[in-house]
Every structure is written in structure tokens, then in C-alpha cells.
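need a 3D model of the sequence below.
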Amino acid sequence: MLAKKYNNFLKMRAFFILLAGLISCSMYSSAFAAEYQIRGNIIGQRATYQIKYDDSLFEIARMYDIGYNDICNANPGFDPFIPEENRFIVIPTEWILPDVEIRRGIVVNLAEMRLYYFLNDATNSVMTFPVGIGDEGKETPLGLFSVIEKIKNPAWYVPKSIQLEKPDLPAVVPPGPDNPMGSRALRLSKPTFLIHGTNRPWGIGTRNSHGCMRLYEEDVLQLFEKVDIGTRVTIVNQPIKIVVAGNEVYMEVHDYENGSDLNKEALKIIESKSLINDVDLDEVKKAVIERSGLPVDISKKRAEFLSK
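Numbers count the residues shown, from 1 in each chain. Model prediction:
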């Protein structure tokens, strides 16, 4: 039974991959690519989902507008291709906002592979989308940039570095299902780097590009309509985010393998925020080990209460 289900999944996956560029974005709900009103530093709310026959974590992730890394890290031990039917998984649709000096325009946190767009309106709201980013050795650059061009149905001018890797590629790939840039692109002030769609949606939430940031097609269509030329783009790398919400301290840790000591980094942030007397260090260590990508309560009073 398991082998049959796995074979059926492989056939389905191969068919999906082949036709990914032709599949209408309307197949996927955009209700979860939501606009959140900012009331503090945590947005969204986590949910649960009961796995159905023939589900894969990739399909569930796209349905809830999260990346492949998000759903796998929040649900360790689940087979991403053939997760056990009828079991419940966590849908990680709750986030601590990145710690940036100015909340304006686009903010991309590479460590969590997520883009935030702070709307310039009276609602004090933010939109958020998962992204695919640069692979090791081809990293997406950190820093402050701006949007200098908006492109509909972009052609892909294949960089020389990629032509050397794949000599069969033409110099220019026209718009269409074979174009890895998808249907929309935002060129940054570092012109070789763009935020764009993709014909490979299974790569969202992974490190698989040559430095550009990729979005699901249904997401890039929304973002493209909202963003103006000149929009500020801030790219940061924050594998650990810590905030105070009410009387609790929350920490969110992402499994971004860059060789850093995340426990040491967490303590540094805690000390910089003068929270060392407010957190339970065992909870901090636990969160660093699990790296679930979920905001977790690391408050000292919580640990003291549970020990009674």
C-alpha cells in the first residue's frame, strides 16, 4: 500500500513539475498571502491541518503560502513526500517581524527565507510571502537597495556563469513556461539581482537560485501590483528574532546553516535587549536545538509556573 502510494506521488509530482509553468495560479488560494495589521511585533496565527490521502508537505505549504523549509522545520519527523494520512501537522503562519531600524518597503530575512512588505498606508499593515534565495556560493546580497524597474513577462538573459554551467541554454529565454523568472520581476539597484516569480514552485523556501529572490507566481502578482519604483528594499540575515509581547518574551529560530553559534547569538540579542533576567536559559537552548521557525515563549515566569 505504501509503495503504491509513493509511486502515485512520484507520477503526480513529475506531472506537476512538467506543467508547473502552465498551471493557473488560481488553483492556489491567495487567502493566506494575507495582509496583516501590525499590533506589536508578532503577526499571524499558527494553525493545524489534518493530512489527507495523496497530500505532500510541498502541496500543503503552497496552499498556506509558506515555504518548503517552513513546513518541514515546524513538523520534524514527517516524510515530506508521503506524510502519514490523518495525522495533524502545524501550519507555521505566525511570525516575529524582522528587527530593522525602519519598517518601510520590502524587508527580506534570508535566514527565514521570507519577504515582508510594509504598506505605506493608514492601516499600519504588512504583507508577507515565502521566498527562494541564493544557494551557497551564490548568496543573495545583504544591504539596502531600491526597486529600479518593474518588468511584466520578463525575458531571461542567461548570465555567463550559468551558461558555463549549462552550455545547452540559449543566451536569452523568452517569456513562457520555460522561463525561470516567471511572469513578473522587480529589478533592484544592484541590477543583476531581482525579486521575481518562478516556474519551479517547489524551490520556494529553499536555497536554489544564483542570488535572486523567487516567489510563488500567485504571490509575485500581488507584490508587483503593490510595489512602486523607488521602493526601499532591506535584506537582512536574522536566524534569531526575539521580542517582548505583553509579559512574555518570544523567540523564533530558523535553521539557516551559516556556521554561526545560534545559542551564542541568542544570548547576545537577549543581553542587548536587557532581557537576561526575564528568560529561561533552558528554554532558549531548547528553541535553538529545535529550530522550528515558530515563535516560542522563553519567559522565565513560564518555566517557573510549569515547575510548580
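
just give me the neighbour total for Glu94.
Using other CB atoms under 10 Å, Glu94 is surrounded by 17 other residues. C-betas here are computed from N, CA, C, even on glycine.

kindly report the same for Arg87.
11.

next, the contact list for it, please.
50-51, 78 (CB atoms under 8 Å, 6 or more residues apart in numbering).

most neighbours, which of the residues you listed?
Counting neighbours by other CB under 10 Å, the top entry in the contacts of Arg87 is Ile51, with 19 neighbours.

now do that one against Ile162, distance only.
As judged by CB to CB, to the nearest Å, Ile51 and Ile162 stand 37 Å apart.

and if you look at Pro130?
The gap separating Pro130 from Ile162 is 24 Å, by CB to CB.

ok, the two, which is more surrounded?
Comparing Pro130 with Ile162 by other CB under 10 Å, the one with more neighbours is Pro130, at 26 against 14.

pLDDT and secondary structure added to the contacts of Arg87, as a markdown table?
Converted to a markdown table, the contacts of Arg87 look like this (pLDDT from 0 to 100; DSSP: H, G, I helix; E, B strand; the rest coil):
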| residue | pLDDT | secondary structure |
| --- | --- | --- |
| Gln50 | 98 | strand |
| Ile51 | 98 | coil |
| Phe78 | 96 | coil |
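
and of these, the nearest to Ala111?
Among the contacts of Arg87, Phe78 lies closest to Ala111 (CB to CB), at 22.1 Å.

right, and that closest one touches Phe88 too?
No: with contact defined as CB atoms under 8 Å, Phe78 does not count as touching Phe88 (10.5 Å).

surely Trp156 is in contact with Asn179?
Yes: counting by CB under 8 Å, Trp156 sits close enough to Asn179 to count as a contact (5.2 Å).

tell me, what's touching those two both at once?
Shared contacts of Trp156 and Asn179, defined by CB under 8 Å, 6+ apart, are found at Val173.

for Gly143, give the beta-bridge partners.
Counting by DSSP bridges, Gly143 forms beta bridges with Ile235.

wait, it touches Asn237, no?
No: with contact defined as CB under 8 Å, Gly143 does not reach Asn237; the gap is 10.6 Å.

neighbour count winner among those two?
Using other CB under 10 Å as the criterion, Gly143 and Asn237 rank with Asn237 on top: 17 against 11.

what distance do you get for that one to His196?
To His196, Asn237 is 21 Å away according to CB to CB.

for Leu262, same thing?
Taking CB to CB, one finds Leu262 at 30 Å from His196.

same thing with Tyr216?
From Tyr216 across to His196, the span is 11 Å (CB to CB).

cool, and Gly230?
Counting by CB to CB, the gap from Gly230 to His196 is 18 Å.

try Ile106
According to CB to CB, Ile106 and His196 sit 13 Å apart.

before we move on, what about Leu144?
Leu144 sits at a distance of 20 Å from His196 (criterion: CB to CB).

so those two - more neighbours on which side?
Ranked by neighbour count (other CB under 10 Å), Leu144 and His196 place His196 first, with 26 against 13.

now the strands for the stretch 151-300 of the chain?
Using DSSP state E, counting those that start in this stretch, the strands of the stretch 151-300 of the chain run over residues 156-157, 172-173, 184-188, 194-196, 207-209, 213-214, 232-236, 240-245, 248-253, 296-297.

so of the ones you listed, which one's packed in deepest?
Among these, strand 213-214 has the highest mean neighbour count (mean count of other CB atoms under 10 Å), at a mean of 28.

ok now that strand, how far from the chain's centre?
Counting by CA atoms, centre = their mean, to the nearest Å, strand 213-214 is centred 10 Å from the centre of its parent chain.

just stretch 95-103 next, same as before
The answer for stretch 95-103 is 15 Å, by CA atoms, centre = their mean.

show me the contact partners of that stretch.
Outside stretch 95-103, the residues within contact range by CB under 8 Å, 6+ apart are 38, 41-44, 107, 109, 112, 114, 116, 118, 126, 128, 232, 234, 236, 238, 241-243, 250-252, 295.

got the buried residues for stretch 59-77?
For stretch 59-77, burial by neighbour count (16 or more other CB atoms under 10 Å) applies to 59-75.

swap in stretch 262-282?
Residues of stretch 262-282 classed as buried by neighbour count (16+ other CB under 10 Å): 262-263, 266-267, 270, 275, 278-280.
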